[in-house]
Structure formats: C-alpha cells, structure tokens
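Q: Pasting the sequence and the predicted coordinates here, then a few questions.
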Amino acid sequence: MTNTMIGLDTAKSVFQLHIVDAAGGVTRRKLRRDELIPFFERHPRCRIVMEACGAAHHWGRVLTALGHEVSLIAPEAVRPFVKRGRKNDAADAAAICEATARPNIKFVPIKTPDQQAILALHTARSLLVKQQTMIVNAVRGLASEFGLTAPQGISKMDELKASVEGDDDLPDAARSVLNTLFQQLTSLSKQIEALEERIVLHARTNETARRLATIPGVGPTTSSLLAATIADISVFPSARHFAAWLGLVPRQFSTGGKTRLGRITKAGNTEIRRLLVLGATSMVRRAEHWRSALGQWVRSALGRRPTRLVTVALANKMARIAWALMSHNEIYRPTRNMSVAT
C-alpha cells in the first residue's frame, strides 16, 4: 500500500482524479467510465476518497475488491474546500483531498448491496406516496369545481368516487378524467401496499430493526429504514451526535458567551427525521394513556411547551434511544411510572 491519496469525483460518463503522492506532488487525470477499473487494476494500491452518494457505495465495493483502501466522505464536509468561483469536477476532486487531510473528519461506512436494496424499497415507497398525495389533491380540486367534496383522508376517496359516479349533472369529459385519476390512485395504492409488505418483512427478520421496533412510536417502516441506513453506529460517538446528524438538535446562534438556540437544523437524513417526527406525533396524541417515565415526561412538557415543540423533542429522544439500542444490542425497556394515567 503506497502513501498516494486519490480524490475521485464520480459521474455518469467522465471521472476526475486528483492524485496526491507521498511527496505532495499533484497529478490530475480524466477517465471515461470504461477506463476507470483498468486504471485502478494497474495502479499501485493506495487510498481512494469519494463523496458519499448512492453510486459511491458501488464504486467503493468495486475498488475495495481491487485491494485499494476506500473512504467515503460526506458532501457537506467537502463543500467548504471548493474554491469560490471554480465549481467543476476537477475542483471537486481536489476539494475531496483537501477535506480528507483535515483532522476530525468523519467518514461514511460503505453500504452492502443488501442494505442498498432495502433503501431502494424505501425510496420507491416514498416516491409513490408523494405521487399518491398529488393525485388525491388533484382529484379533490377537480371534483370541487363541480360541487363534489369529501372529508379529509385518502380513505374517503371511495365516497368521492361514489359521488362522481352518482352525479348525473357531471359532464362526461369531467367524469372520464376523474375516473382515470381514480384508476391511477388504485394502482398506486396496490404498489405501495406491495412495497410496504416487503419492508415489514425486512423489519421482522432483521435483528437491528426488531430491536428498534420496541421503541414507542417506531414502527416497521422507521425501524427498517434506520437499520438499512446506519451501516456502523460506532461512527457516532454519542446519542447527541446521532440526533445532530438527523437534524433534530437546535440551531445555535451564540456569540460573546451568550447561547441562543433556534429551530432544529434539519440536517442529515430527511426521511428518517420525518418518520421519527410522525411517530412522535402519534405518541403525543396518546400521552394521557402512556404509562411510563417517558410518557410522564411528555405530559409534563405539554403543560409547559407548545405541542409541536414537544413532538420534535420527543423525536430527538427517540433518536437517542435508537442510538443506545444499536450501540449496545439491547431492546427498549421502559421505566414504569408509579402514577396511573387517566
């Protein structure tokens, strides 16, 4: 293994290499996609660093199999080192090397194909759910133009469909359009259901996901996504680091020895944060019947703080509990509250 470090900026067709040798000399190379593997097969074993993305995990596995030491670095850690006004692939590759040389830089573990396959299920489900929401909103909007409405909720679409079919005054063209959207909605619902069945199967068979599912407010979808996303929990030194990675800690505006905290940063994985907040929302709604120390904390916080703030704070606690369970291979054991909730 040589002391050479290569910053590799990946792309669909052309890859930029920023090569720094042991003496500090710099060489730049541009390779086509079909030239990349032959180049690294011939190149002496070295350290290769890439920005973490979906394709980077694939190339990380391929280059590791060739004997190289591969590291993935978070894009936000690279961004400050891209020279202003010189944003291009070559500059990105140079910034990767510059960022890697800095102390305390954290690297992203390379995911396995199985982990990425589960994440593909979640990505597809999230996309279809968004499309489902768009179609529901479109149907409601179009139907309301003809005086047809229904209560909120996707489960009420059957009522709206019955209203469309039973309205004799509705023009045939409008009826045809709405029926087309109803058919699309039915198809999407079946596809989402099929994906969710596979996600639930993963949540029930994966050991990490099963432990995470013991946390109040964490269902199969959340536990499966956490288990597939977090390849190595030891990357996060503490529960607070994990919560901060998910963007569930307050943004700081501190100066002159005065600490000012704002809204949460919303950094990191958006989907995990969204699912944790949704789970926390469901638990806050049933806080009156939640008989544990955490339930008592929620009820106490609701008496002092706005509901939304308590919900996000609970999501933060859920993230920290998830870190503890993954770090110590434990299940969630609630501390019972002596007082009885009414």
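A: Received it, and whenever you're ready, just let me know what you need.
Q: Which residue, other than its chain neighbours, is closest to Leu185?
A: Ile135 (5.1 Å; CB to CB, 6 or more residues apart in numbering). Heads up, the C-betas are built off the backbone N, CA and C, glycines and all.
Q: Correction: the previous question concerned Arg260.
A: Closest residue to Arg260 apart from its sequence neighbours, by CB to CB, 6+ apart: Phe253 at 4.3 Å.
Q: Grab the nearest non-local neighbour of Leu294.
A: Pro334 (6.5 Å).
Q: And that neighbour, how far from Leu185?
A: 39 Å (CB to CB, to the nearest Å).
Q: who's more crowded, the two?
A: Between Pro334 and Leu185, counted using other CB atoms under 10 Å, Leu185 has the larger neighbour count: 19 against 14.
Q: Report whether the more buried one is found in a helix, as I expect.
A: Yes - counting by DSSP: H, G, I helix; E, B strand; the rest coil, Leu185 is part of a helix.
Q: Tell me who's in contact with it.
A: By CB atoms under 8 Å, 6 or more residues apart in numbering, Leu185 lies in contact with 132, 135-136, 139, 157.
Q: residue ranges of the strands in the stretch 1-150 of the chain, please?
A: 5-9, 14-20, 26-32, 47-51, 69-73, 107-108 (DSSP state E, counting those that start in this stretch).
Q: could I get the ones you listed as CSV with distance to Ala93?
A: Below are the strands of the stretch 1-150 of the chain laid out as CSV (distance: least, CB to CB, whole Å):
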stretch, distance to Ala93
strand 5-9, 4
strand 14-20, 4
strand 26-32, 8
strand 47-51, 9
strand 69-73, 12
strand 107-108, 17
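Q: out of those, nearest to Val298?
A: strand 107-108 (33.4 Å; CB to CB).
Q: Counting by contacts, list what the closest one packs against.
A: strand 69-73 (3 or more CB pairs under 8 Å, 6 or more residues apart in numbering; DSSP states H and E).
Q: could you give the mean pLDDT of the strand it packs on?
A: The average pLDDT for strand 69-73 rounds to 96.
Q: mind checking how far it is from the chain centre?
A: Chain-centre distance of strand 69-73: 20 Å, with CA atoms, centre = their mean, to the nearest Å.
Q: what angle do that strand and strand 5-9 make?
A: Orientation check (axes from the mean of the first three to the mean of the last three CA atoms, to 10 degrees): strand 69-73 against strand 5-9 gives 50 degrees.
Q: show me where pLDDT drops low in the stretch 201-342 of the chain?
A: Applying pLDDT under 70 to the stretch 201-342 of the chain picks out residues 336-342.
Q: redo that, cut-off 80
A: Across the stretch 201-342 of the chain, the ranges flagged by pLDDT under 80 are 254-257, 259-262, 335-342.
Q: And the average pLDDT for stretch 96-109 is what?
A: Stretch 96-109 comes out at a mean pLDDT of 91.
Q: Can you point out the buried residues in it?
A: Judged by neighbour count (16 or more other CB atoms under 10 Å), stretch 96-109 contains these buried residues: 96-100, 107-109.
Q: my guess is Thr259 meets Pro250, correct?
A: No - Thr259 lies out of contact with Pro250 (CB atoms under 8 Å); the separation is 9.8 Å.
Q: how about the strands in the stretch 151-300 of the chain?
A: With strands called from DSSP E, counting those that start in this stretch, the stretch 151-300 of the chain shows them at 250-252, 261-264.
Q: Mind listing residues that contact the shortest one?
A: Among residues not part of strand 250-252, those counted as contacts by CB under 8 Å, 6+ apart are 259-265.
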